[in-house]
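Participant: below is the structure, and that's it, no one-letter string:
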């Protein structure tokens with residue numbers, strides 16, 4: 001085979017390999033939270049900065065593995081160490097699942113009883129706004145925005161999300177809870 005012909009074939013093969021790798025990466029990103037056997041990962045964010053990984057709590061999750069399977073897990077409350085932010089900060093939780101949750105709620109508690117392993121007092125539901133996260137025109141995750149307004153206060157955040165079954169697909173679904181911990185400074 002002529003040297004120039006070999007180079008053309010080699011260039012074509014390299015271009016094909018790069019294109020296939022790109023397609024696989026986009027498909028993997030879109031699929032990541034959509035077919036998992038457990039609830040999606042959730043991360044506390046301020047702007048583009050990740051502050052804290054949420055701890056997965058009790059959940060019931062359904063997934064397809066050649067047939068539908070489901071599993072429910074009960075966990076005791078566990079909150080991470082507090083992440084300090086300014087009072088009035090706008091934060092968000094990034095949920096790594098392309099499907100929009102049917103519902104998502106954040107409850108804030110002022111304290112946590114480490115002996116009883118339970119939040120202290122009445123939880124206050126925080127106002128939230130849901131926005132999609134897009135990459136290359138496709139939804140890959142969801143952000144849940146909220147504010148922590150009161151100065152010098154602990155926010156023990158207990159969150160809950162639920163996703164409906166998407167008919168005709170093998171997309172995982174169910175409900176889950178996550179915990180986070182924020183302390184506001186003056």
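Facilitator: That came through, no problem. What you see is a predicted model, and the numbers here were worked out from it, not measured in a lab.

Participant: every contact and neighbour count from this point should use C-alpha atoms.
Facilitator: Will do.

Participant: pairing partners for the strand ranked longest in the chain, with directions?
Facilitator: As assigned by DSSP state E, the longest strand anywhere in the chain is strand 173-185. Using DSSP bridges, strand 173-185 pairs in its sheet with strand 55-64 (antiparallel), strand 83-86 (parallel), strand 154-163 (antiparallel).

Participant: nearest residue to residue 132 other than its sequence neighbours?
Facilitator: residue 142 (4.5 Å; C-alpha to C-alpha, 6 or more residues apart in numbering).

Participant: which element, helix or strand, includes the one you found?
Facilitator: strand 138-148 (DSSP states H and E).

Participant: quick one, that strand and strand 154-163 angle?
Facilitator: Counting by axes from the mean of the first three to the mean of the last three C-alpha atoms, to 10 degrees, strand 138-148 lies at 150 degrees to strand 154-163.

Participant: can you list the strands that strand 138-148 pairs with?
Facilitator: strand 89-95 (antiparallel), strand 129-135 (antiparallel).

Participant: buried residues of the first one, list them for me.
Facilitator: Under the neighbour-count criterion of 16 or more other C-alpha atoms under 10 Å, strand 89-95 has 91-95 buried.

Participant: and the contacts of that strand?
Facilitator: 40-47, 141-149 (C-alpha atoms under 8 Å, 6 or more residues apart in numbering).

Participant: model confidence over the helix or strand just after that strand, on average?
Facilitator: As assigned by DSSP H and E, the chain's next helix or strand after strand 89-95 is strand 103-109. Strand 103-109 shows a mean pLDDT of 97.

Participant: relative to strand 89-95, how tilted is strand 103-109?
Facilitator: Using the same axes, to 10 degrees: strand 103-109 against strand 89-95 is 130 degrees.

Participant: just the residues contacting the helix or strand following strand 103-109, thanks.
Facilitator: Using DSSP H and E, the next helix or strand after strand 103-109 towards the C-terminus is strand 111-113. Outside strand 111-113, the residues within contact range by C-alpha under 8 Å, 6+ apart are 118-121, 154-156.

Participant: go through strand 111-113 and flag the buried ones.
Facilitator: Buried residues in strand 111-113 (16+ other C-alpha under 10 Å): 111-112.

Participant: neighbouring strands of that strand in the sheet, and parallel or not?
Facilitator: Neighbouring strands of strand 111-113 in its sheet, by DSSP bridges, are strand 118-120 (antiparallel).

Participant: which of the residues in the partner strand are buried?
Facilitator: Per 16+ other C-alpha under 10 Å, strand 118-120 contains these buried residues: residue 119.

Participant: mind checking the pLDDT average for that strand?
Facilitator: The average pLDDT within strand 118-120 is 93.

Participant: C-terminal to it, what's the next element?
Facilitator: Strand 118-120 is succeeded, C-terminally, by strand 124-125 (DSSP H and E).

Participant: lovely, talk soon.
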